[in-house]
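Visitor: What would the 3D arrangement of this be:
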Amino acid sequence: MTSKFTELAIDCADPDSLARFWCSVLDYEVQESEDGFVAIGSPAVPEGKNRPGPVPPSLTFARVPEGKTVKNRLHIDVNATDREQDEEVRRLLDLGARRVDVGQTGEESWAILADPEGNEFCVLAGRHP
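Guide: Okay, the predicted model is just below:
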């Protein structure tokens, strides 16, 4: 028996706001919400329909008192499914992301952004359905 990756827990200052941002990025929906905690995940598949591929992990956001102070040790990679990378980067910037410099050379095929609370994530160049 092995383990299965089911969720990514993210500490943050404003779980509701950060959950809304990531719902917009990933086309997820809120699955659970209580004071200081929000869980989001892929929308339910209608009865009789199949979801291609594995079920993606959920994201949970929990309020913590301390703020982000150092570079992330883990980050999320996203891949646009219906547009090119530069279009997706513009969409994410419009949602509240910002560009960050973590020492990239300019030769990378990915773009590095940060969510509204400063958590870095990458937008990959290749499109995957």
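
Visitor: next one: phi and psi at the residue nearest to Arg98 when sequence neighbours are not counted?
Guide: Residue nearest to Arg98 in three dimensions, not counting chain neighbours: Ala114, with 5.4 Å by Cβ to Cβ, 6 or more residues apart in numbering. Where C-beta positions appear, they are placed from N, C-alpha and C, glycine not excepted. Main-chain torsions, Ala114, degrees, to the nearest 10: phi -130, psi 140.

Visitor: tell me the contacts of Ala114?
Guide: With contacts defined as Cβ atoms under 8 Å, 6 or more residues apart in numbering, Ala114 is in contact with Ala97, Arg98, Arg99, Val100, Glu120, Phe121.

Visitor: doesn't Leu113 make contact with the first one?
Guide: Right, the one you point to is Ala97. Yes. Assessed by Cβ atoms under 8 Å, Ala97 is found in contact with Leu113 at 4.3 Å.

Visitor: Could you tell me which residues touch both of those two?
Guide: Phe121.

Visitor: Who has more neighbours out of those two?
Guide: For Ala97 against Leu113, the residue with the higher neighbour count under other Cβ atoms under 10 Å is Leu113, and the figures read 23 against 20.

Visitor: From Lys4, how far off is that one?
Guide: In this structure, Leu113 and Lys4 are 28 Å apart, going by Cβ to Cβ, to the nearest Å.
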